[in-house]
Structure formats: structure tokens, C-alpha cells
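Student: Kindly return the folded structure for what I paste below:
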Amino acid sequence: MKILSYLLALVIAYAVPASADGHPLQGYREAQGKLWKKTPYTDSLGRHMVILTHTGLYQSRPGDPDFICSNGDLYAYGYDNEGSATPMLSWRMHDFVHDCETSATAEFARDSPYITDLDGNGVSEIWIIYYVGCHGDVSPDGMKILMYENGKKYALRGETFVHVDGMDMGGRYKADPAFNQAPAAFRQFADQLWRKHMRR
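Tutor: Alright, predicted model coming up:
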């Protein structure tokens with residue numbers, strides 16, 4: 001029993017890294033929301049940190065006080081100069097579902113982010129996969145894959161795949177112009193990620 005308690009404590013400590021004063025977002029002044037994941041990495045440009053946060057689902061009453069809606073916000077941040085007294089924000093992302101009258105979805109894929117160097121230039125690519133939606137049935141959710149390389153953004157936007165009553169729905173995406181002009185390895189990896197995560 002003592003061993004189990006010790007292992008559980010290790011898991012909790014690893015899942016939510018804390019800073020010296022006990023606040024996991026201390027020093028990252030732009031970061032909002034509740035910490036979901038912190039991922040450090042190092043490349044030819046130095047030491048960096050990716051931070052994913054969220055609000056969780058919360059309620060609102062827009063207009064009619066008797067009518068309750070669901071909301072959720074997702075945030076992602078990329079910081080340079082990790083380990084210094086003043087990490088510098090390189091890029092940020094904010095997406096959300098607001099005033100949803102049915103069931104809201106706003107969540108990251110569990111294994112997000114991915115860190116790669118597919119073009120071998122020594123500069124890491126950061127991949128973030130997440131879902132947003134608002135519906136009261138089994139319709140697909142919105143799905144997005146964003147990639148950042150040295151602050152430049154690439155995006156795939158589409159829907160998750162569902163099979164209902166013998167019908168296939170969703171599963172497709174559209175790439176933005178940045179992906180269409182990117183190295184082939186970027187688009188190939190993005191397609192692999194989409195196929196892996198579109199079936200929830």
C-alpha cells in the first residue's frame with residue numbers, strides 16, 4: 001500500500017510540474033487558464049517551453065437568465081529562453097466554444113503536443129491537435145492540427161470522423177496555404193496525425 005501511494009504521488013508530481021512558489025504558470029505572464037501540460041524541448045535556437053492550458057467547461061446565461069449555455073476555451077503558448085528569468089513568448093493560440101445551447105467540446109488530444117524536426121534544419125516543429133464542437137447529437141466535432149516552426153503557423157482544419165446508422169460523416173480536412181507550400185515531410189506527417197486522431 002505504501003508503494004502504491006508513493007507511485008501515485010510521483011505520477012501527480014510529474015503530471016503538473018510546479019515552480020518554486022508552487023504555481024505552475026509562474027513566470028509565463030501571458031498564460032491564461034488552468035495548466036493542462038508543459039513540454040520543454042531544446043533545438044539549435046535554444047531552450048523552449050510549450051504550455052497548453054484550458055478553462056474546462058463553464059456555464060453562461062446570455063440574454064435569458066433561465067437559459068444556460070456551455071463554454072470552453074483552449075490556449076497554447078510557445079516560449080523561448082526557457083530557464084531564464086524572463087521567458088519570451090514566441091507564439092500563442094486561443095480557440096473556444098462559447099454560448100453553446102447543447103453539448104460543448106473543447107479539449108486537446110491526449111498526446112498533444114508533438115515535437116519534431118522533419119526537415120532536419122535544427123529548428124523544432126510543434127504540433128498541437130485539438131477538438132471543438134457544439135451539438136446535441138453524434139455529429140462530428142471540429143478538429144484542428146496546428147504546427148509552429150520558429151513562430152510560423154501551419155494549419156489543418158476539418159472534422160472528426162463518425163459512422164452512424166450505416167453512414168460515414170466528417171473525417172476530412174483542408175490545409176492552409178502555408179502547408180501547401182511547406183516541405184512534403186510536413187504535409188505527410190500532418191496527414192498521419194489527422195488519420196490517427198480523427199476517430200475519437
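Student: Secondary structure class of residue 186, three-state.
Tutor: With DSSP: H, G, I helix; E, B strand; the rest coil as the basis, residue 186 sits in helix.
Student: Distance of the closest residue to it other than its chain neighbours relative to residue 94?
Tutor: Leaving aside its sequence neighbours, residue 186 sits nearest to residue 118 (Cβ to Cβ, 6 or more residues apart in numbering; 6.0 Å). Where C-beta positions appear, they are placed from N, C-alpha and C, glycine not excepted. Residue 118 sits at a distance of 26 Å from residue 94 (criterion: Cβ to Cβ, to the nearest Å).
Student: and what of residue 156?
Tutor: Distance of residue 156 to residue 94, computed by Cβ to Cβ: 18 Å.
Student: These two - which one has more neighbours?
Tutor: In this view residue 156 and residue 94 are compared by other Cβ atoms under 10 Å, and residue 156 has more residues nearby, 20 against 12.
Student: phi, psi of residue 131?
Tutor: When quoted as degrees, to the nearest 10, the phi and psi of residue 131 stand at phi -130, psi 140.
Student: now residue 74
Tutor: Per-residue torsions, residue 74: phi -120, psi 140 (degrees, to the nearest 10).
Student: Ok, residue 196 next?
Tutor: Main-chain torsions, residue 196, degrees, to the nearest 10: phi -70, psi -40.
Student: Count the neighbours of it for me.
Tutor: Using other Cβ under 10 Å, residue 196 has 11 neighbouring residues.
Student: Likewise for residue 128?
Tutor: Neighbours of residue 128 (other Cβ under 10 Å): 22.
Student: any idea how far it lies from residue 100?
Tutor: 22 Å.
Student: Could you do residue 106 as well?
Tutor: Residue 106 sits at a distance of 9 Å from residue 100 (criterion: Cβ to Cβ).
Student: what does residue 112 give?
Tutor: In terms of Cβ to Cβ, residue 112 sits 22 Å off from residue 100.
Student: got it, and residue 94?
Tutor: From residue 94 across to residue 100, the span is 17 Å (Cβ to Cβ).
Student: for residue 45, same thing?
Tutor: Residue 45 sits at a distance of 39 Å from residue 100 (criterion: Cβ to Cβ).
Student: Residue 164 bridge partners, please.
Tutor: On the basis of DSSP bridges, residue 164 is bridged to residue 167.
Student: per-residue confidence for it?
Tutor: For residue 164, the pLDDT comes out at 82.
Student: What of residue 138?
Tutor: For residue 138, the model assigns a pLDDT of 88.
Student: In this structure it contacts residue 161, no?
Tutor: No: the pair residue 138 / residue 161 is not scored as a contact, 11.5 Å apart, by Cβ atoms under 8 Å.
Student: quick one, which of the two is more surrounded?
Tutor: Using other Cβ under 10 Å, the more surrounded residue of residue 138 and residue 161 is residue 161, with 18 against 10.
Student: I'd say the more buried one and residue 197 touch.
Tutor: No: counting by Cβ under 8 Å, residue 161 stays clear of residue 197, with 9.8 Å between them.
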